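S.K.: Please work out how this folds:
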Amino acid sequence: MRIIILLLFSSFAYAQQCEPEEFRVVFSNGELTTPKQALVAMNELALSLNSKDIAYDLAYNYSDDAFKILLETSDQRLWYVKLAKLIYNWQHKVNTPELNQHVEKYRETILHGQKLLVISHSQGNFYTNLARQMLANQKPTIAMDGFGIFGVATPAGHVGGKGTYITNHLDIITTIPGSLSANWILHRIDSGKIVDHIGSIPAHSFNDTYLSPHYDLRTELVKQIKQELGKLKKPPQIAKSGSVTVTLTWNLENNNDIDLHVLEPDKTNVYFGNKAGNSGYLDVDNTEGFGPEHYYTDCNNLQVGKYLVGVNYYSDGQVPVRSVDAKITISTPGSTRTFTTKLETTKNLVNLANIVVGKTNNKKLKYQIVPIVR
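M.R.: Prediction:
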């Protein structure tokens with residue numbers, strides 16, 4: 001059995017409320033950004049925007065292939081050019097597993113009635129533009145006027161959804177053919193003078209330049225982000241808000257039936273044969289393929305304790321049984337983790353993770369997503 005943990009935003013969080021905030025701001029990082037650096041950028045955005053109505057999240061983009069390309073060239077400008085050409089020609093692995101997770105994350109946000117703004121830096125603009133396009137083409141359709149994109153130093157030629165962007169005049173991204181041109185002259189805060197000597201690579205840094213307290217760009221960036229948030233329209237709330245959401249999808253169709261199972265703390269098994277538990281409920285039993293199936297907890301009935309999450313290959317319409325890749329995404333306030341597993345045989349329940357719900361000393365809820373190691 002092969003289990004892969006794809007994303008980790010944070011594994012431990014505290015809930016302040018059960019109803020979602022009005023907005024969700026997601027940071028989509030550029031190339032050569034470590035998870036720690038991306039989290040720092042997300043936290044800096046939260047401090048800068050300083051709003052209780054915003055929840056924050058990270059759509060992390062891995063860039064190992066991009067890094068290998070960088071190592072093969074001594075000219076970093078040419079590296080950016082080559083990377084852009086690869087992506088436009090679909091030779092770079094943009095449609096990676098995390099991209100599909102981004103799409104699911106954005107869909108969940110909109111279905112819960114939250115306005116969504118993705119702050120995309122550098123290569124992250126390619127991912128976010130494509131994710132928005134994929135989401136807009138999904139069935140059933142969802143309201144897209146609550147989904148905005150704000151581009152930062154974008155190598156792309158447009159911002160999805162007719163969004164806006166900001167690029168400073170020293171940024172190396174301006175040398176990429178087809179990229180959007182610079183639209184901000186960088187000044188120092190202390191002297192008010194135009195900056196002309198930090199170098200095109202450092203000028204591209206999200207944390208050290210675009211959010212730096214030493215330059216006027218940070219204030220402008222925050223102002224424009226707030227303007228974009230104000231343009232978003234609230235999508236209709238289709239999915240019921242809950243402290244915990246578990247989503248199951250898989251990669252086959254044609255009478256291929258995979259089932260989500262959640263064993264609640266009081267040992268109530270929520271699955272297709274018992275959709276309503278004592279803490280949450282299953283929204284649908286998808287028997288045709290792909291999913292999604294969702295488990296939502298009810299805020300008023302949330303139990304403290306351990307929720308065991310598993311997946312069962314119930315049946316296949318073909319003989320012999322085909323192998324199937326199942327994906328489980330678990331979301332709690334402030335935390336999202338995604339697991340995949342390859343299922344080879346039917347009638348075999350595979351447990352992937354526990355969701356542990358507890359209380360802090362001041363009686364606030366706390367959540368921990370614990371993978372089951374095999």
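
S.K.: what number of residues lie near Gly192?
M.R.: Neighbour count for Gly192, taken as other C-beta atoms under 10 Å: 8. Bear in mind the C-beta positions are built from the backbone N, C-alpha and C, glycine included.

S.K.: That one falls within a helix, correct?
M.R.: No. The assignment for Gly192 (DSSP: H, G, I helix; E, B strand; the rest coil) gives coil, which keeps it out of a helix.

S.K.: For it, give me phi and psi.
M.R.: When read as degrees, to the nearest 10, the backbone of Gly192 gives phi 80, psi 0.

S.K.: Pull the contacting residues for the closest residue to Ile355 other than its chain neighbours.
M.R.: Distance criterion C-beta to C-beta, 6 or more residues apart in numbering; nearest residue to Ile355, sequence neighbours excluded, is Tyr307 at 4.1 Å. Listed by C-beta atoms under 8 Å, 6 or more residues apart in numbering, the contact partners of Tyr307 are 244, 262-265, 279, 354-357.

S.K.: Which of the residues you listed fall in strands?
M.R.: When DSSP state E defines the strands, the subset of the contacts of Tyr307 inside them is 262-263, 354-357.

S.K.: The nearest residue to Val159 once chain neighbours are set aside and Thr175, how far apart?
M.R.: In space, and not counting its chain neighbours, Val159 is closest to Gly151: 4.4 Å by C-beta to C-beta, 6+ apart. Shown here: Gly151 relative to Thr175, a distance of 17 Å by C-beta to C-beta, to the nearest Å.

S.K.: Quick check on the two: which one has the bigger neighbour count.
M.R.: Counted by other C-beta under 10 Å, Gly151 and Thr175 do not tie: Gly151 has more neighbours, with 26 against 13.

S.K.: Contacts for the one helix or strand that one maps to next, please.
M.R.: Taking DSSP states H and E as the criterion, Gly151 maps to strand 147-152. Residues outside strand 147-152 that contact it (C-beta under 8 Å, 6+ apart): 106, 110, 115-122, 125, 128-129, 132, 135, 159-161, 163-167, 180, 206, 210, 221, 224-225, 228-229, 231-232, 235.

S.K.: Inside helices: which ones of these?
M.R.: Secondary structure assignment by DSSP state H places 106, 110, 125, 128-129, 132, 135, 221, 224-225, 228-229, 231 of the contacts of strand 147-152 in helices.

S.K.: Strands of the stretch 1-150 of the chain, start to end?
M.R.: Shown for the stretch 1-150 of the chain, the strands assigned by DSSP state E, counting those that start in this stretch span residues 3-8, 12-14, 23-28, 54-59, 115-121, 147-152.

S.K.: Likewise for the stretch 251-374 of the chain?
M.R.: Using DSSP E, counting those that start in this stretch, strands in the stretch 251-374 of the chain cover 256-263, 269-270, 280-282, 293-297, 305-316, 324-332, 335-343, 349-359, 365-371.

S.K.: I'd like the ones you listed as CSV, with mean pLDDT and distance to Arg24 appended.
M.R.: As requested, those are exported to CSV (pLDDT from 0 to 100; distance: least, C-beta to C-beta, whole Å):
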stretch, mean pLDDT, distance to Arg24
strand 256-263, 90, 24
strand 269-270, 96, 26
strand 280-282, 90, 21
strand 293-297, 88, 17
strand 305-316, 92, 23
strand 324-332, 88, 11
strand 335-343, 85, 11
strand 349-359, 92, 20
strand 365-371, 87, 17
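
S.K.: between these, which gets nearest to Ala143?
M.R.: Among those, the nearest to Ala143 by C-beta to C-beta is strand 293-297 (18.1 Å).

S.K.: Each with direction, which strands does that closest one pair with?
M.R.: Paired neighbours of strand 293-297 in the sheet (DSSP bridges): strand 245-250 (antiparallel), strand 280-282 (antiparallel).

S.K.: Contacts only, for the nearest residue to His294 once chain neighbours are set aside.
M.R.: Counting by C-beta to C-beta, 6+ apart, His294 lies nearest to Asp283, which is 4.6 Å off, once chain neighbours are set aside. Residues in contact with Asp283 (C-beta under 8 Å, 6+ apart) are 239, 275, 293-296.

S.K.: how near is Asp283 to Thr247?
M.R.: 10 Å.

S.K.: Need the residues touching each of those two.
M.R.: Counting by C-beta under 8 Å, 6+ apart, the shared contacts of Asp283 and Thr247 are 293-294.

S.K.: Looking at the contacts of Asp283, state which has the most neighbours.
M.R.: Tyr295 (27 neighbours).

S.K.: these two touch, right, that one and Leu282?
M.R.: Yes. Assessed by C-beta atoms under 8 Å, Tyr295 is found in contact with Leu282 at 5.5 Å.

S.K.: For the contacts of Asp283, give me a markdown table that also has distance to Ser200.
M.R.: Formatted as a markdown table, the contacts of Asp283 follow (distance: C-beta to C-beta, whole Å):
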| residue | distance to Ser200 |
| --- | --- |
| Ala239 | 44 |
| Lys275 | 56 |
| Glu293 | 48 |
| His294 | 45 |
| Tyr295 | 48 |
| Tyr296 | 47 |
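
S.K.: Next one, pLDDT for the residue nearest the centre of the chain please.
M.R.: Central residue of the chain (C-alpha atoms, centre = their mean): Ala59, 3.5 Å from the mean position. Here the pLDDT value assigned to Ala59 is 88.

S.K.: Against Arg322, how distant is it?
M.R.: To Arg322, Ala59 is 31 Å away according to C-beta to C-beta.

S.K.: Over to Leu180?
M.R.: 44 Å.

S.K.: And those two? Which one has more around it.
M.R.: More crowded of Leu180 and Arg322, by other C-beta under 10 Å: Leu180, with 21 against 15.
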